[in-house]
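J.: Predicted model follows, preceded by the sequence.
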Amino acid sequence: QVQLVESGGGSVQAGGSLRLSCAVSGYTYSTYSMGWFRQAPGKEREGVAAIDSDGSKRYPYSVKGRFTISQDNAKNSLYLQMNNLKPEDTAMYYCAAGSRWLSLHRTEYNYWGQGTQVTVSS
């Protein structure tokens, strides 16, 4: 059974940094992609980073240059380093797994964590 558990969320001021972690169990990294998504109240869930089994990465323009996704297969963990945070980054952040593609579309992912809240104040 695949389980994803996020941690590392919190409240920061604009310009600050946070590092999110996702502990993964029951999942094989090979051939599939993993990603980070976020959802603000009243908005669609959007992809903010994805990484495939070869280490290729994808980001939307809104976070490129500020967010970095990484994974540690030995520790069964996925990370999201977020720098220069902005108030518009405020959202619940979710770890996801199981996409066949390096995708930022939520419909491509089969497994989801419960989320961790990130709040950025101005």
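T.: The structure has been received and is ready for your questions.
J.: Next, give phi and psi for the residue nearest in space to the middle of the chain.
T.: Geometric centre of the chain, nearest residue: residue 36, 2.0 Å, by Cα atoms, centre = their mean. When read as degrees, to the nearest 10, the backbone of residue 36 gives phi -120, psi 140.
J.: so it touches residue 91, yeah?
T.: No. Contact criterion Cβ atoms under 8 Å: residue 36 and residue 91 do not qualify, at 10.6 Å. For glycine as for every other residue, the C-beta is placed from the backbone atoms N, C-alpha and C.
J.: All the strands of the protein, residue numbers only.
T.: Taking DSSP state E, the strands of the chain run over residues 3-7, 10-13, 18-25, 33-39, 46-51, 57-58, 67-72, 77-82, 91-99, 111-112, 116-121.
J.: Under the pLDDT cut-off, which ranges of this protein? List them.
T.: 29-31 (pLDDT under 70).
J.: Dump the strands of the chain to CSV, plus distance to residue 105.
T.: Putting the strands of the chain into CSV (distance: least, Cβ to Cβ, whole Å) gives the following:
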stretch, distance to residue 105
strand 3-7, 18
strand 10-13, 27
strand 18-25, 18
strand 33-39, 9
strand 46-51, 6
strand 57-58, 11
strand 67-72, 16
strand 77-82, 17
strand 91-99, 8
strand 111-112, 13
strand 116-121, 21
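J.: Burial check on the nearest residue to residue 60 once chain neighbours are set aside, number of neighbours?
T.: Nearest residue to residue 60, sequence neighbours excluded (Cβ to Cβ, 6 or more residues apart in numbering): residue 104, at 6.1 Å. For residue 104, the neighbour count with other Cβ atoms under 10 Å is 20.
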